[in-house]
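Trainee: No letters, just coordinates:
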């Protein structure tokens with residue numbers, strides 16, 4: 001009887017040993033993405049954003065913020081396709097489909113100009129020797145980790161392969177929808193804004209494991225503005241329940257891009273930037289610009305912590 005017990009124990013230990021070896025092998029097999037550090041005080045800085053309408057929202061005011069700060073050595077690029085997910089980007093790349101709108105804002109310019117409405121993913125990567133490339137997931141999948149892979153890691157490899165030099169990779173963490181959003185995929189999150197925000201946070205944290213990316217915390221910036229007197233409660237800083245208000249919403253997220261990418265590279269903060277706008281339902285004025293800029297600055301320092309402003 002004791003012999004049988006000992007035999008079973010030895011067998012169990014052997015199985016546990018094999019499982020431990022397999023687990024260690026899996027850990028070591030995982031590719032660790034080596035993300036280059038952001039450049040420090042470069043003579044020129046070139047930033048390419050790749051995504052969809054949420055990328056459009058995020059970068060809309062970036063040229064004007066740069067102009068207002070007196071910065072003339074930054075070139076911007078923006079490659080977008082409506083509602084495009086990581087998997088769809090990958091499909092477009094593998095088939096070399098010229099479906100994207102490609103826009104640039106050159107050195108010292110304060111506006112976007114269209115290069116082509118029929119551009120390819122690979123073409124945009126090769127267009128210039130980008131220092132930073134910003135990517136994102138489509139908003140309705142942004143809190144669903146199972147939709148990221150294997151496309152995320154493939155994209156990191158594609159960017160490394162196609163770009164003339166290896167750029168730093170940043171990630172725009174897209175925002176949760178408004179509380180009453182009519183978006184047809186909001187039901188993925190039980191039509192609940194807090195559920196969606198928590199899912200986005202959890203997914204981005206999971207994404208960071210083994211592949212540290214520089215975070216542009218657009219989700220946290222917009223959620224913090226929703227916790228401020230500036231919020232128009234029904235639309236929740238949006239114009240339609242998910243795209244940002246053309247005034248304060250877009251401005252705030254552009255401030256986040258500026259603080260996350262321009263400050264660590266050129267040493268210039270968005271704090272005190274003089275840009276204002278009368279666009280959208282919520283204008284950016286002398287009375288609220290400082291608060292918006294500070295919300296963006298705090299979010300960049302702590303990307304997963306929303307603020308409550310009285």
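Mentor: Right, received. Where do you want to start? Predicted, not measured: the structure shown is a model, and the values here were computed from it.
Trainee: Setting the sequence-adjacent residues aside, check what's closest to residue 128.
Mentor: Distance criterion C-beta to C-beta, 6 or more residues apart in numbering; nearest residue to residue 128, sequence neighbours excluded, is residue 46 at 5.4 Å. C-beta coordinates here come from the backbone N, C-alpha and C atoms, glycine included.
Trainee: now swap in residue 280 and tell me
Mentor: Of all residues not flanking residue 280 in the chain, residue 247 sits nearest, at 2.7 Å (C-beta to C-beta, 6+ apart).
Trainee: do the same with residue 67
Mentor: Take residue 67 and drop its neighbours on the chain: the residue closest to it by C-beta to C-beta, 6+ apart is residue 110, 4.0 Å away.
Trainee: Tell me which residues touch the one you found, please.
Mentor: By C-beta atoms under 8 Å, 6 or more residues apart in numbering, the residues touching residue 110 are 63-64, 66-67.
Trainee: Which single one of those is nearest to residue 36?
Mentor: residue 66 (22.2 Å; C-beta to C-beta).
Trainee: Give the other helices and strands that the one helix or strand the closest one maps to contacts.
Mentor: Here residue 66 sits within helix 62-68, counting by DSSP states H and E. Where contact means 3 or more C-beta pairs under 8 Å, 6 or more residues apart in numbering; DSSP states H and E, helix 62-68 is packed against strand 74-80, helix 248-257.
Trainee: Give me whichever of the ones you listed is most buried.
Mentor: Most buried of the helices and strands packed on helix 62-68 by mean neighbour count (mean count of other C-beta atoms under 10 Å) is helix 248-257; its value is a mean of 29.
Trainee: Who are the contact partners of the residue most central in space within the chain?
Mentor: Closest residue to the average C-alpha location of the chain: residue 172 at 0.8 Å, with C-alpha atoms, centre = their mean. If a contact means C-beta under 8 Å, 6+ apart, then residue 172 has 49, 51, 54-55, 58, 134-136, 216, 218, 257 as its contacts.
Trainee: repeat that with 7 Å
Mentor: For residue 172, the contact set (C-beta atoms under 7 Å, 6 or more residues apart in numbering) comprises 51, 55, 58, 134, 136, 216, 218.
Trainee: Could you do residue 232 as well?
Mentor: Neighbour list for residue 232: 281-282 [criterion: C-beta under 7 Å, 6+ apart].
Trainee: rewinding a little: select from the contacts of residue 110 the one having the most neighbours.
Mentor: residue 66 (28 neighbours; other C-beta atoms under 10 Å).
Trainee: wait, isn't it in contact with residue 73?
Mentor: No. If you go by C-beta atoms under 7 Å, residue 66 and residue 73 don't touch, sitting 9.3 Å apart.
Trainee: about what we covered before: how near is the residue nearest to residue 128 to residue 153?
Mentor: The spacing between residue 46 and residue 153, counted by C-beta to C-beta, to the nearest Å, is 24 Å.
Trainee: And for residue 298?
Mentor: 31 Å.
Trainee: Neighbour count: those two, which is higher?
Mentor: Shown here are residue 298 and residue 153; by other C-beta under 10 Å, residue 298 has more neighbours (19 against 15).
Trainee: returning to what we had before: for the residue nearest to residue 128, helix, strand, or coil?
Mentor: Secondary structure, DSSP: H, G, I helix; E, B strand; the rest coil: residue 46 is strand.
Trainee: Identify the residue nearest residue 218 in space, chain neighbours excluded?
Mentor: residue 253 (4.6 Å).
Trainee: Check what pLDDT that neighbour gets.
Mentor: On pLDDT, residue 253 comes in at 98.
Trainee: mind listing what it touches?
Mentor: 57-58, 218, 221-222, 244.
Trainee: can we see that at 10 Å?
Mentor: 54, 57-62, 172, 174-175, 216-219, 221-222, 225, 237, 244, 292, 296, 299 (C-beta atoms under 10 Å, 6 or more residues apart in numbering).
Trainee: Likewise for residue 138?
Mentor: Contact partners of residue 138, counting by C-beta under 10 Å, 6+ apart, are 51-54, 81-89, 147, 174, 185.
Trainee: Which ones among the residues you listed lie within strands?
Mentor: Those of the contacts of residue 138 mapping onto strands are residue 51, per DSSP state E.
Trainee: quick one: residue 83 and residue 43, what's the gap?
Mentor: In terms of C-beta to C-beta, residue 83 sits 37 Å off from residue 43.
Trainee: Looking at the two, which one has more neighbours?
Mentor: The residue with more neighbours, out of residue 83 and residue 43, is residue 83; 12 against 6, by other C-beta under 10 Å.
Trainee: right, and that one touches residue 55 too?
Mentor: No. Applying C-beta atoms under 10 Å, one finds residue 83 not in contact with residue 55, separated by 11.5 Å.
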